[in-house]
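# Provided below are the primary sequence and the corresponding predicted coordinates.
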Amino acid sequence: MEIIKTQIPDLLIVKNRFFKDERGFFMEHYNKKQLAEHNIHIAFCQDNLSQSSYGVIRGLHYQLAPHAQTKLVSVIVGRVWDVAVDLRKGSPTFGQWVGIELSDDNKTHFLIPQGFAHGFSVLSETAIFSYKCDQYYNQPAERGIRFDDPALAIDWRIPTDQAIVSPKDKIHPDFAEAEMNFNFISH
């Protein structure tokens, strides 16, 4: 397992080893012990899967503390552009975002800690997306930020006329108006 820091050091790329031959491939999708060897200790309690078609943009989603979720996300089938936005007041990267491509080819995971909004766009014909979460879904704590907020200027890598966005995601507030209750804690 390889852990790679992004431009926002708390957002981590997790690259698992995989073995490929004429039959296909094998990999450990999640290994708590290997993460612990990198000083990553997260008690995941809920796994989610979503299936989406090309052009779907989901997000930007988060839950307020104390129900905030750390997510370990990956793609089982297809390709997505995955984005996390720093919502931690006092963070040197507050309001900044990181995007990475996750796919069934690169078998990469993205570790998104509490205090970040998360979203993705589907770049392939279809995608099956996996989320491991350390907190249960809590509807009253659910919040969102408008996916196309000009202040964030996220390039979703989907032509605007081909974007498929739920009515709920279209009406989230801009970043400047979004409710957030996260504070940056220096390590």
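Everything's here; your move.

# Would you check how far apart the residue in the chain sticking out farthest from the centre and G95 are?
Within the chain, the residue lying farthest from the chain centre (Cα atoms, centre = their mean) is E22, at 31.7 Å. Taking Cβ to Cβ, to the nearest Å as the measure, E22 falls 48 Å from G95. Where you see a C-beta, it was placed from the backbone N, CA and C, and this is true even at glycine.

# got it, and P150?
Separation of P150 from G95 (Cβ to Cβ): 13 Å.

# Between the two, point out the one with more neighbours.
A count of neighbours by other Cβ atoms under 10 Å puts G95 above the other of P150 and G95, at 14 against 9.

# can you tell me how far that one sits from A117?
Separation of G95 from A117 (Cβ to Cβ): 10 Å.

# Give me the common contacts of those two.
Residues touching both G95 and A117 by Cβ atoms under 8 Å, 6 or more residues apart in numbering: V85.

# confidence score at the residue nearest in space to the middle of the chain?
Centroid check for the chain by Cα atoms, centre = their mean gives H118 as the closest residue, at 4.6 Å. On pLDDT, H118 comes in at 98.

# Next: D174.
97.

# give me every residue that touches it.
Counting by Cβ under 8 Å, 6+ apart, D174 makes contact with I145, R146, D149, A151.

# so what does the longest helix belonging to the chain touch, helix or strand wise?
Determined from DSSP state H, the single longest helix within the chain is helix 32-37. The helices and strands touching helix 32-37, judged by 3 or more Cβ pairs under 8 Å, 6 or more residues apart in numbering; DSSP states H and E, number zero.

# contacting residues around it?
Here helix 32-37 makes contact (Cβ under 8 Å, 6+ apart) with M1, V14, E28, H41, I42.

# Restrict stretch 34-49 to CA atoms and write it as CSV.
Presented in CSV, the C-alpha positions along stretch 34-49 are these (Å, rounded to 0.1, in the frame of the first residue of the first chain):
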residue,chain,number,x,y,z
GLN,A,34,-2.0,-1.7,6.4
LEU,A,35,-3.7,1.7,7.0
ALA,A,36,-2.7,1.5,10.7
GLU,A,37,0.9,1.0,9.6
HIS,A,38,0.6,4.5,7.9
ASN,A,39,-0.9,5.9,11.2
ILE,A,40,-4.4,5.9,9.7
HIS,A,41,-6.9,4.7,12.3
ILE,A,42,-10.5,4.9,11.2
ALA,A,43,-13.4,2.9,12.4
PHE,A,44,-15.6,2.5,9.3
CYS,A,45,-19.2,1.5,10.0
GLN,A,46,-21.1,1.9,6.8
ASP,A,47,-20.4,0.9,3.1
ASN,A,48,-22.4,2.5,0.3
LEU,A,49,-22.5,1.9,-3.5
